[in-house]
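Asker: Can you look at this prediction? I've put the sequence above it.
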Amino acid sequence: MAPELWYPITEATSRGGGFHSPFGGTWPDLGDARRWCDGMQQIGVLSHDDAQRFHFWIEHGYVSLPNAVSHAAIDALNEAVERMWREPDSVADVYAETYDGVLRVERLRSDIRDAPHKVLDLHTQLAAAEPVVFAQPIVHFLQRLFLRPPMAFQSLYFTVGTKQHMHQDTAYVPVNSPLEFAGVWIALEDVQPGTGELQYFDGSHRIPEYLFEGQYLSKRSDDPNDEAFLRFVYERSVEAGCELVKFLPKKGDALIWHASLVHGGSQEVRDGSTRRSIVTHFCPRDVMPGYFRDGMPHSAITTAAGGAAYRCNWRHDA
Ligand SMILES: O=C(O)CCC(=O)C(=O)O
């Protein structure tokens, strides 16, 4: 008689393991991510501390890395930025986004300093930004998140609080794999309450997705209307019971967040207060920022962090 080869699987180990989102993501976005995390620790791809951080990321949508960047590196960057404001022509290609009612991208000028602004892409323009943006603990985490080399592609330097509404970066930071990127926020001074501190909804990377035009995670850059999106992500985060957390880091601390984490700048900004910080978006080297699409001119991709990472930026002048 033929042996009975069929047997029922009563306790499936895998639950299918697909991504939470139809747009994919990084491995912690897999339904089975905790198994991957434990397995990668067992074979030495992740250390005990790495695995702890990823278990936290899977649930909360961010990690904080205390003392990720040395004070010496930050002082050098802050000094280089001061020099840049004094002599804007000494830096080849620095642009700032200004928003006095109308949003503009302009070549850096000293008078922009006193108006609301974000300085763009210092990660490619100032040598002093390299040891900050590509600090080892940050690159280490991103390599393990992407499981390939990270590439810095869009950075913003802030002197004062942004008062930016609570949002998900997916709307404004298009890449050709829409959930394969992360935001890295580095404190360039101790952040005090009342300075427009960064805030985020803990766990909001898992709220339902808002689709622009019924199909995209990112908003068209020529569409000024994002009110419905902003209301949606705020209300869904509150409904999901996500706690609103204010980030009060010390100089050198970093926060890395999931592309879908709802975050923004607190609206309370004391007159004259500063909150020096730099935010950089990173994707894997083989993923392309939106500005590489459709034949847009872009700057070259170059290696950083001794070959452990890459960088690129949008060529505003092209
Ligand atoms: O630093 C802030 O206040 C907000 C930054 C932010 O929301 C972003 O860069 O996406």
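Answerer: Happy to help now that I have it.

Asker: what ranges do the strands span in this protein?
Answerer: Secondary structure of the chain (DSSP state E): strands at 62-65, 95-99, 103-107, 117-120, 150-158, 182-187, 198-201, 244-246, 254-258, 263-265, 277-284, 302-304, 309-311.

Asker: count of neighbours near the residue of the stretch 1-150 of the chain found nearest the ligand?
Answerer: For the stretch 1-150 of the chain, the residue closest to the ligand is Lys118, as judged by C-beta to the nearest ligand atom, at 8.1 Å. Heads up, the C-betas are built off the backbone N, CA and C, glycines and all. When counting by other C-beta atoms under 10 Å, one arrives at 18 neighbours for Lys118.

Asker: for Phe19, same thing?
Answerer: A count of nearby residues for Phe19, using other C-beta under 10 Å, gives 15.

Asker: With the one 10 residues further on instead?
Answerer: For Asp29, the tally of surrounding residues (other C-beta under 10 Å) stands at 22.

Asker: Now do the contacts for it.
Answerer: Applying C-beta atoms under 8 Å, 6 or more residues apart in numbering, we find Asp29 in contact with 19-21, 179.

Asker: Sitting in helices, which of these do you find?
Answerer: Counting by DSSP state H, none of the members of those fall within helices.

Asker: on that earlier part again, tell me, what's the model's pLDDT at the residue of the stretch 1-150 of the chain closest to the ligand?
Answerer: With respect to pLDDT, Lys118 has a value of 91.

Asker: With the one 5 residues further on instead?
Answerer: We have a pLDDT of 95 for His123.

Asker: Contacts only, for it.
Answerer: When contacts are counted by C-beta under 8 Å, 6+ apart, His123 touches 129-130, 133, 152, 155, 278, 280, 311, 313.

Asker: Among the contacts of Asp29, give me the pair with the biggest separation.
Answerer: Maximum pairwise distance in these, criterion C-beta to C-beta, is 9.1 Å, between His20 and Leu179.

Asker: So for these two, which sits in the more crowded spot?
Answerer: In terms of neighbours (other C-beta under 10 Å), Leu179 is the more surrounded of His20 and Leu179; the figures are 24 against 17.

Asker: Now for the closest residue to that one other than its chain neighbours, how many residues are close by?
Answerer: Of all residues not flanking Leu179 in the chain, Gly25 sits nearest, at 4.0 Å (C-beta to C-beta, 6 or more residues apart in numbering). The burial count assigned to Gly25 is 20, neighbours taken as other C-beta under 10 Å.

Asker: ok, now how distant is Gly25 from Phe19?
Answerer: Distance, Gly25 to Phe19, using C-beta to C-beta, to the nearest Å: 5 Å.

Asker: Now do the shared contacts for these two.
Answerer: With C-beta under 8 Å, 6+ apart, Gly25 and Phe19 have common neighbours Leu179.
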